[in-house]
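1. All I have is the shape, not the residue letters:
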Ligand SMILES: [Zn+2]
Ligand SMILES: [Zn+2]
């Protein structure tokens, strides 16, 4: 339904948002929601008020103690000049990374559920939450910045029929009023990355993505969207491909960042 609304095209933003609110209200009447975190029934949206506030609170806490360069939770007193101890001096491929929160608790559960197409309905709500919690961090993006999902290899996409990064990117583009574009191709299939060490991951992903040079990326700021940032190798490889095709600045947007919080 949201996808179709997006297709309406040049309708003024106010009409689009009014139409969106109307559709959501009718939707909630016809299909009552139950909270994706605690299961409480009866609210309009994927989360009940208390779970939503809890997710936003945790996100606000995390924002105050995350590395602006790699989004690692680093504790409130860490020296973040030119990144944290984990990323300083390392070439990441991207310029900054913003996560809704650390990969733990209910956010981790939501990330795991979003991996399955049957839970794609969570994407608009998670995108909404991200936009609400992190709007100040992306307020400085130019109005012509693109939202670009990290793509799956076509074979994997065909087998799974769904890419959670794309569902999330669509939701974020709508909420942030930016354009969704897909200039990236994943030209190398990389299976079982979770079993590899960070160095092996980086090696496996080298040259895994390509961006079309004719895509209009020259000088463009890109918000590169994925669900989880682990070692940063996947987003790094995708960002390097975007920059090779001319992108000026690549900011990574993810739901969750893995890594230990030492505080
Ligand atoms: Zn709840
Ligand atoms: Zn860092």
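-> Good, I have the coordinates. No experiment lies behind these values; they were computed from the predicted model shown. Ligands and ions are numbered 1, 2, ... in the order given.
2. Flag every residue of this protein that's near ligand 2.
-> 67, 69, 70, 72, 83, 84, 87 (C-beta under 5 Å from the ion). All C-beta atoms are positioned from the backbone trio N, CA, C, and that covers glycine.
3. quick one: which of those is nearest residue 159?
-> The closest of the residues of the chain next to ligand 2 to residue 159 turns out to be residue 70 (C-beta to C-beta; 30.8 Å).
4. That closest one and residue 97 touch, don't they?
-> Yes - under the criterion of C-beta atoms under 8 Å, residue 70 makes contact with residue 97 at 5.3 Å.
5. which residues do these two both contact?
-> Residues touching both residue 70 and residue 97 by C-beta atoms under 8 Å, 6 or more residues apart in numbering: 229, 232, 257.
6. Pick out the residue of the stretch 101-250 of the chain closest to ligand 1.
-> Among all residues of the stretch 101-250 of the chain, residue 106 sits closest to ligand 1, at 8.7 Å; criterion: C-beta to the ion.
7. likewise the stretch 151-263 of the chain?
-> When scored by C-beta to the ion, the stretch 151-263 of the chain has residue 255 as its residue closest to ligand 1, at 17.4 Å.
8. cool, and the stretch 51-200 of the chain?
-> Closest contact between the stretch 51-200 of the chain and ligand 1, by C-beta to the ion, is at residue 51 (3.1 Å).
9. my read: that residue touches residue 106, true?
-> Yes - counting by C-beta under 8 Å, residue 51 sits close enough to residue 106 to count as a contact (7.0 Å).
10. Name the residues contacting each of these two.
-> residue 37.
11. quick one: the helices in the stretch 101-250 of the chain?
-> Assigned by DSSP state H, counting those that start in this stretch, the stretch 101-250 of the chain shows helices spanning 105-114, 122-138, 154-160, 164-176, 198-205, 233-244.
12. could I get these as JSON lines with mean neighbour count?
-> JSON lines is the format used below for the helices of the stretch 101-250 of the chain (neighbours: other C-beta atoms under 10 Å):
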{"stretch": "helix 105-114", "mean neighbour count": "18"}
{"stretch": "helix 122-138", "mean neighbour count": "20"}
{"stretch": "helix 154-160", "mean neighbour count": "12"}
{"stretch": "helix 164-176", "mean neighbour count": "24"}
{"stretch": "helix 198-205", "mean neighbour count": "16"}
{"stretch": "helix 233-244", "mean neighbour count": "24"}
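13. if we compare the ones you listed, which one ends up closest to residue 61?
-> Smallest distance to residue 61 across these (C-beta to C-beta): 10.7 Å, for helix 122-138.
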